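Visitor: below: sequence and its predicted model.
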Amino acid sequence: MTQKRVLLIIPAYNEEQNIEATIRQITAYPKQERYVLDYIVIDDGSTDRTGEICRQNRYPCVHLVQNLGIGGAVQTGYLYASSHQYDAAVQFDGDGQHDIRSLNAILDPILNGTADFCVGSRFLDGTSQFRSTALRQVGIRYLSILLRVLTGLRISDPTSGYRAASGAVASYFARQYPVDYPEPESLVLLQKKGFRVSEAPVNMFPRNGGRSSIGWKQSVYYMIKVSLATACACMQKGG
């Protein structure tokens, strides 16, 4: 049986406290029979030692000369996956919150051909070690309802950054990927293009170091803006 080729896309902005532990988690992951696992760090114009650490440890890494934000960094990863003809690509945060042991849960639908894109959810089976603050959970629930109303998609964790894509989706995202609010907006784009979207339960951890760039005020602002962006994405013609 020919093994599939899977790429982990690791966007990292100022993750000097977390990136080494994240890579150790990946390299310690047991070899799989169905696929070969590679990874690429996307150093998103970090101003701390993230880039230096990647160079010193010889991590496979794309060093962006300026900060593009999560959308631009992830699209860079999809460009890499598409140009190197990977069978699947997985978004995997550089802050250490994603559990590599949940990888097969979101990859299985892709490798089995039952889905084109799979979102890792903290809420499906209630076992995740990290679910974010109560305010953010309210926002996530709101976005889940909004997506269902606007598109019919039933995704319990639409802001999750732990997600797997088929080679076809990776090629599509290499050409077109949302910049401002990529997680929920990308689901709208996939639904409009006719890709099959599913979700699977995953485990996530609290951050080991550093801090999130989004506080409660930013969370409220985010919800207002992402609602408008998602609605606009639904009204746009398919790309």
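Guide: That came in fine, so what should we check first?

Visitor: check which helix or strand covers residue 183.
Guide: For residue 183, the element it lies in under DSSP states H and E is helix 182-193.

Visitor: kindly export that helix (C-alpha atoms) in CSV.
Guide: Output of helix 182-193 as CSV, limited to C-alpha atoms (Å, rounded to 0.1, in the frame of the first residue of the first chain):
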residue,chain,number,x,y,z
PRO,A,182,-10.0,32.7,8.1
GLU,A,183,-11.5,29.9,10.3
PRO,A,184,-15.3,30.7,9.9
GLU,A,185,-15.0,32.4,6.5
SER,A,186,-13.1,29.4,5.0
LEU,A,187,-15.9,27.1,6.0
VAL,A,188,-18.3,29.3,4.0
LEU,A,189,-16.0,29.2,1.0
LEU,A,190,-15.8,25.4,1.1
GLN,A,191,-19.5,25.0,1.4
LYS,A,192,-20.1,27.3,-1.6
LYS,A,193,-17.6,25.4,-3.7
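
Visitor: what about the closest residue to residue 153 other than its chain neighbours, how many neighbours?
Guide: Once flanking residues are discounted, residue 153 sits nearest to residue 147: 5.1 Å by Cβ to Cβ, 6 or more residues apart in numbering. Using the backbone N, CA and C atoms, a C-beta is placed for each residue, glycine as well. Residues lying near residue 147 (other Cβ atoms under 10 Å) number 21.

Visitor: where does the closest residue to residue 80 other than its chain neighbours land in three-state SS?
Guide: In this structure, residue 80 finds its nearest non-sequential neighbour in residue 40, 5.4 Å apart by Cβ to Cβ, 6+ apart. Here residue 40 is recorded as strand under DSSP: H, G, I helix; E, B strand; the rest coil.

Visitor: just list whatever residues bridge to residue 40.
Guide: residue 9 (DSSP bridges).

Visitor: list the contacts of it.
Guide: Listed by Cβ atoms under 8 Å, 6 or more residues apart in numbering, the contact partners of residue 40 are 7-10, 60-62, 77, 80-81.

Visitor: widest-spaced pair of the residues you listed?
Guide: The span of these, defined through Cβ to Cβ, is set by 61 and 81 at 14.6 Å.

Visitor: of those two, which one has the most company?
Guide: residue 81 (28 against 20).

Visitor: and the strand or helix carrying that one, what other elements does it pack with?
Guide: Assessed by DSSP H and E, residue 81 sits inside helix 69-83. Counting contacts by 3 or more Cβ pairs under 8 Å, 6 or more residues apart in numbering; DSSP states H and E, helix 69-83 packs against strand 4-12, strand 35-43, strand 61-63, strand 88-91, helix 167-175, helix 182-193.

Visitor: so which of the ones you listed comes closest to residue 138?
Guide: When the helices and strands packed on helix 69-83 are compared by Cβ to Cβ, helix 182-193 sits nearest residue 138, at 15.1 Å.

Visitor: next SSE downstream of that closest one?
Guide: strand 197-201.

Visitor: report all helices and strands that that next one contacts.
Guide: If contacts are counted by 3+ Cβ pairs under 8 Å, 6+ apart, strand 197-201 sits against helix 103-111, strand 117-121, helix 182-193.

Visitor: between it and strand 117-121, how many degrees?
Guide: Angle, strand 197-201 to strand 117-121, by axes from the mean of the first three to the mean of the last three Cα atoms, to 10 degrees: 30 degrees.

Visitor: run the angle between the helix holding residue 183 and helix 167-175 for me.
Guide: Interaxial angle, helix 182-193 versus helix 167-175 (the same axes, to 10 degrees): 120 degrees.

Visitor: still on that earlier bit, and the helices and strands packed on helix 69-83, which is most packed in?
Guide: Ranked by average neighbour count under the criterion mean count of other Cβ atoms under 10 Å, the helices and strands packed on helix 69-83 are headed by strand 88-91 at a mean of 27.
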